[in-house]
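Student: Got a sequence here, can you model it:
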Amino acid sequence: MKGIFFSKPLEYNLDIDGEVWTQGSYIKGSLMVSNHSNLAISLNNIGCHLCYSSSKKFKSKDPKSINLIESTLLQEGKTKLDFEFKLKNNCPITESTGTLIIICGDISKPFEGGFLELNIKPMNPIIYLTETFEMFYRFKVKPFKNKKDFIEAPIKAPDSKEWASIQKMALQFKMVTDELEIKFIVTLKRLSFDDSPHKTKDEKKEIIKILTKKEYELYGSANQEGIKKILDEVMSEIKIKPL
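Tutor: Numbering: from 1, shown residues only. This is a model prediction of the structure:
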């Protein structure tokens with residue numbers, strides 16, 4: 001992924017290896033700076049900066065839209081910079097409200113240089129679980145969104161009697177070292193046996209499961225049996241049971 005940007009009299013050539021990345025991966029690339037004037041210009045504050053940007057505010061050039069995560073600056077007397085940023089396992093993914101970006105130039109003047117947006121996807125264990133969930137339970141996993149240290153996916157239950165009690169459902173994911181923490185957040189419609197005039201009431205459940213690498217991965221791909229065992233445990237608490 002490449003971009004050429006001009007901030008007279010400087011020209012920035014930003015080159016980033018790759019087009020798509022997952023949480024926890026490395027972002028590598030280089031920046032070449034050219035001075036098109038006859039005057040010497042200090043490049044001391046010039047570099048590449050890993051940031052999170054809020055899409056709507058960033059488009060309006062609001063400085064508050066930028067959250068600086070890490071910077072690498074040109075060495076004195078140099079015009080080329082090789083950089084490498086390690087993404088956290090729970091870094092924000094790319095979604096409609098914001099994304100990680102690389103800004104080149106002086107970070108104190110973020111809109112005078114240039115930037116490239118990074119397309120960040122969830123880590124593989126999260127994909128393993130959601131794909132297994134869709135395949136074996138026929139639930140529909142909707143697009144992910146960032147939720148503090150988690151990423152969240154709203155879930156649509158299939159139109160069947162055993163799942164008719166589900167009013168709302170979402171999954172939240174977070175990697176802790178190589179373990180996958182999952183929160184199953186569900187609102188259920190249950191029969192009411194109290195003195196209330198209503199025959200049903202809403203019940204909210206939050207079920208937390210931790211999957212080890214052995215449970216979610218087998219020979220470098222999804223361990224469907226290990227994942228399905230955990231899903232069976234959780235869904236047995238949710239489905240309608242005969243009286």
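
Student: From here on, just use CA atoms for contacts and neighbour counts.
Tutor: OK.

Student: The residue sitting nearest the centre point of the chain: what's its closest spatial neighbour, skipping adjacent residues?
Tutor: With distances taken as CA atoms, centre = their mean, Ile93 lies nearest the centre of the chain, 2.1 Å away. Among residues not flanking Ile93 along the chain, Ile120 sits closest, at 4.8 Å (CA to CA, 6 or more residues apart in numbering).

Student: residue ranges with poor pLDDT in the chain?
Tutor: Low-confidence segments of the chain (pLDDT under 70): 191-199, 240-243.

Student: Show the contacting residues for the residue nearest to the centre of the chain.
Tutor: 23, 99-100, 119-122, 145-146, 151 (CA atoms under 8 Å, 6 or more residues apart in numbering).

Student: if I look at Leu188, how far off is Glu134?
Tutor: Here Leu188 is placed at a distance of 20 Å from Glu134 (CA to CA, to the nearest Å).

Student: Looking at the two, which is more packed in?
Tutor: Applying other CA atoms under 10 Å to Leu188 and Glu134 shows that Leu188 carries more neighbours, namely 22 against 15.

Student: wait, isn't that one in contact with Thr200?
Tutor: No - applying CA atoms under 8 Å, one finds Leu188 not in contact with Thr200, separated by 9.8 Å.

Student: tell me the secondary structure for the residue nearest to the centre of the chain?
Tutor: Using DSSP: H, G, I helix; E, B strand; the rest coil, the structure places Ile93 in coil.

Student: how much space is there between it and Cys51?
Tutor: 12 Å.

Student: for Glu84, same thing?
Tutor: Distance from Glu84 to Cys51, by CA to CA: 13 Å.

Student: out of those two, which sits in the busier spot?
Tutor: Using other CA under 10 Å as the criterion, Glu84 and Cys51 rank with Cys51 on top: 22 against 15.

Student: if we can go back for a sec, the residue nearest to Ile93 reaches Ile101, doesn't it?
Tutor: No - look at Ile120 against Ile101 with CA under 8 Å: they stay out of range, at 9.9 Å.

Student: mind listing what's buried in stretch 154-172?
Tutor: By neighbour count on 16 or more other CA atoms under 10 Å, the buried set for stretch 154-172 is 154-157, 163, 165-166, 169-172.

Student: In contact with the closest residue to Gly113 other than its chain neighbours, which residues are there?
Tutor: For Gly113, ignoring the flanking residues on the chain, the nearest one in space by CA to CA, 6+ apart is Gly105 at 4.8 Å. When contacts are counted by CA under 8 Å, 6+ apart, Gly105 touches 12, 45-48, 112-114.

Student: Same check on Lys80?
Tutor: Going by CA under 8 Å, 6+ apart, the list of residues near Lys80 reads 30-33, 74.

Student: Let me know the closest of those to Val234.
Tutor: Ser30 (46.6 Å; CA to CA).

Student: so which helix or strand takes in that closest one?
Tutor: strand 26-35 (DSSP states H and E).

Student: Paired strands for that strand, with orientation please.
Tutor: strand 10-16 (antiparallel), strand 80-86 (antiparallel) (DSSP bridges).

Student: Nearest to Lys59, out of these?
Tutor: strand 10-16 (20.0 Å).

Student: which outside residues touch the closest one?
Tutor: Residues contacting strand 10-16 (CA under 8 Å, 6+ apart): 1-6, 27-36, 104-105, 113-114.
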